[in-house]
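Novice: Give me the fold of what follows.
(chains A and B)
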Amino acid sequence: MSSVPPPALDFGTSAINHALTAEQRIGLFTLMVRIRRFEQAALKYYNAGKMGGFLHLYIGQEAVAVGTISLAGPDDHFITAYRDHGHALAVGMSMDECMAEMFGKQTGCSKGKGGSMHFFAPDKNFWGGHGIVAGQTPLGLGLAFGLKYLEREGCCLCYLGDGAVNQGTFHESLNLSGLFEIPVVFVIENNGYSMGTSQQRSSAYTGCLAQRAEAYGIDWDVVDGSDIYEVRAKTHIAMERARKQHKPTLLEIDTYRYYGHSVADANAKKYRTPEEIENYKQNHDPITLLRRRLITEGVLTEESADAIHAAAAEEAAAAVKFADDSPPPTIADISTDVYWETDNNTPAAKIGRHFFDD
Amino acid sequence: MSRTLTYRAALREGLDEELARDPKVVIMGEEVAQYNGAYKVTEGLWKKWGSKRIFDTPISEAGFIGMGIGASMLGVRPVMELMFWSFHSVAFDQLVNNAACVRYMSGGLCHCPIVVRGPANGGTGVGATHSHVPEAMFAAFPGLKVCAPATPADAKGLIKAAIRDNDPVYVMENTLLYGNTGEVPDPAAGDHLVPLGLADIKRQGTDVSLIAHGRSVIQSLAAAEILQSEHGINCEVLDLRSIRPLDQDAILATVRKTHRVVLVDESKPFGGVSAMVGMLIQEHAFDFLDAPIKRVCALDAPAIYSPHVENDQLPNPKRIVAKVLSLA
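Specialist: Presented below is the predicted three-dimensional model:
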């Protein structure tokens, strides 16, 4: 038997990609570049002490969020874990509100109450931003359940990392999605490492992680996350299955993160070889690949691509300035957004004591 | 007009009325539909409302409670039954990190109008894993609301208020109360709602205040009769009904009236509901006290199985009477 791999498929010819206009293709590229430039600025100011907590960078994974969310219809919804900056920008959140959130400012998307891991934009169908590994998976299931219950045609894309596949709630969510025929697409963004533990050291599996779906009678597929056309082509099928047939799918999108689990990951360069990281950057970087592709297609030039980078860097710098200049929350702000009823000063809020400060 | 209903039937009537009022109300949980409820609270509702409005879930508390939380963010009003509140431990991340915090972490952009209900009590010979009373623990998380009805009328009124509330409300029922009967207002007389945060004096008295919630109210009422008939002590019994929000005014009013207080609470003593109530009394009514605040809690150990002594671990009339007499 020959061990020569089969030729790669060209998903650029898939109908969903073939239909993209030049502007839309440039839009995909621009969004990926904006995410990267945003995070590079975030890293710089995280290291400068401008923000607290953790910073889980998405750099290297941009084609996943951009490719999948580019398929969104009016009633498709999104929820992810703590590595959420890419999804936030992809649904249309502004760099300003996201950067300000990380700076802990009043003008942040969550008024400085959530931080890097907890971005939300329900008006853009983006439901977070969740800090506990796999804790968002039943919520994504529930958003999709809600769509079906309310008889709205749409689906929920529920993202998780490869570390989350070993949490009980994820398996409960898979079972419930198959059992109740829920229009959810679970997207494993497999960057190979659950913090410092490789997939091989954390997961029992045969072919791939997505194959676990077979145990629940759910369709699954594996996707090359460095090729945005492949991401779109395969995710489109899963989303249509969810929207039209109320059938869940488990997608495993192979990708890679250049930085550690978070910037605070002290061993980020110990559990992976420099060659491994360099190989991905040189040969699989989703932005570089799309840039080459769009230049080949005649949609971009080297100059126009560079200009997109420059504009994104400028936008990120402006977001930093916006965040830095914004006011922090007040001490009084600590006590709001706890209860809907007290925030809205309803009759129910006036009965009994809700808060127990002195 | 009122009728006599069991606590169980009163809850069911409340659920039924809310299913009728709001098509977004949906009931889910283990055995709630085709089995008619492990404790028959939801009996007949599946037959009446069908599988869209009430459905059975697998034994996946984290999964289905998380599913309800996600659906609630989109506008569905899930009412989720925990067969025992003791099973909260396998769904804790959903009950606390997601339900309690999602509004806050989103800066008020999301809200989570869910109800989680089920029995939370000891005293049924099922040992420590099935006998937890977690109301104080959940009330300790800002963002959550907790109530614990003692009577059929309050059970109906509170479940209806909980379903209409736009925040997550955890309703702690009691398997030992499900069969109790009591007067419940007739639906023809209008909606019977008991607002969260409103306590109720279940027995007027002058000498000592017994402050309790859930089944401890029933035990306190029994103790009050003994104290009256055998010792001439006239106890007032205040039923908190709601733990958070908490009716601090009612607590302070009864203390100012009687000047002596015994807190009766099936929680364990460390950090129980009574620990919070005692703190509020000393802070706001210290000068009205003629004696130290005393408590009757569950004895401070995991719930014992043995039917021979199980009742002695819990607040009961004998222990309450002894504690009140110790004040004299």
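
Novice: What segments of the stretch 101-250 of chain B are strands?
Specialist: All strands of the stretch 101-250 of chain B, identified by DSSP state E, counting those that start in this stretch, fall at B:115-119, B:145-147, B:169-173, B:181-185, B:200-203, B:208-212, B:235-239, B:242-244.

Novice: could you dump those strands to CSV with mean neighbour count, distance to residue A:178 and mean pLDDT?
Specialist: Yep, even glycine has a C-beta here, placed from its N, CA and C like the rest. As requested, these are exported to CSV (neighbours: other C-beta atoms under 10 Å in any protein chain shown; distance: least, C-beta to C-beta, whole Å; pLDDT from 0 to 100):
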stretch, mean neighbour count, distance to residue A:178, mean pLDDT
strand B:115-119, 26, 24, 98
strand B:145-147, 30, 33, 98
strand B:169-173, 28, 29, 98
strand B:181-185, 17, 41, 97
strand B:200-203, 18, 46, 98
strand B:208-212, 29, 46, 98
strand B:235-239, 27, 45, 98
strand B:242-244, 29, 37, 98
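
Novice: got those as JSON lines, with distance to residue A:268 columns?
Specialist: Shown next, in JSON lines, are the strands of the stretch 101-250 of chain B (distance: least, C-beta to C-beta, whole Å):
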{"stretch": "strand B:115-119", "distance to residue A:268": "40"}
{"stretch": "strand B:145-147", "distance to residue A:268": "42"}
{"stretch": "strand B:169-173", "distance to residue A:268": "41"}
{"stretch": "strand B:181-185", "distance to residue A:268": "62"}
{"stretch": "strand B:200-203", "distance to residue A:268": "58"}
{"stretch": "strand B:208-212", "distance to residue A:268": "55"}
{"stretch": "strand B:235-239", "distance to residue A:268": "57"}
{"stretch": "strand B:242-244", "distance to residue A:268": "42"}
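
Novice: Nearest approach to chain A belongs to which of the ones you listed?
Specialist: Nearest to chain A among the strands of the stretch 101-250 of chain B is strand B:242-244 (6.0 Å), distances taken as C-beta to the nearest C-beta.

Novice: Kindly list the main-chain dihedrals of the most centrally placed residue in chain B?
Specialist: Residue closest to the average C-alpha location in chain B (C-alpha atoms, centre = their mean): residue B:148, at 1.2 Å. Dihedral angles of residue B:148 (phi, psi; degrees, to the nearest 10) stand at phi -150, psi 90.

Novice: what about it, distance to chain A?
Specialist: From residue B:148 across to chain A, the span is 14 Å (C-beta to the nearest C-beta, to the nearest Å).

Novice: ok, now which ones touch that residue?
Specialist: Counting by C-beta atoms under 8 Å, 6 or more residues apart in numbering or on different chains, residue B:148 touches B:120, B:135, B:171, B:172, B:173, B:174, B:213, B:214, B:240, B:241, B:242, B:243.

Novice: Leaving out chain neighbours, which residue sits closest to the third one?
Specialist: Setting aside the residues directly before and after it, residue B:171 is nearest to residue B:117 in space (C-beta to C-beta, 6 or more residues apart in numbering or on different chains), at 3.9 Å.
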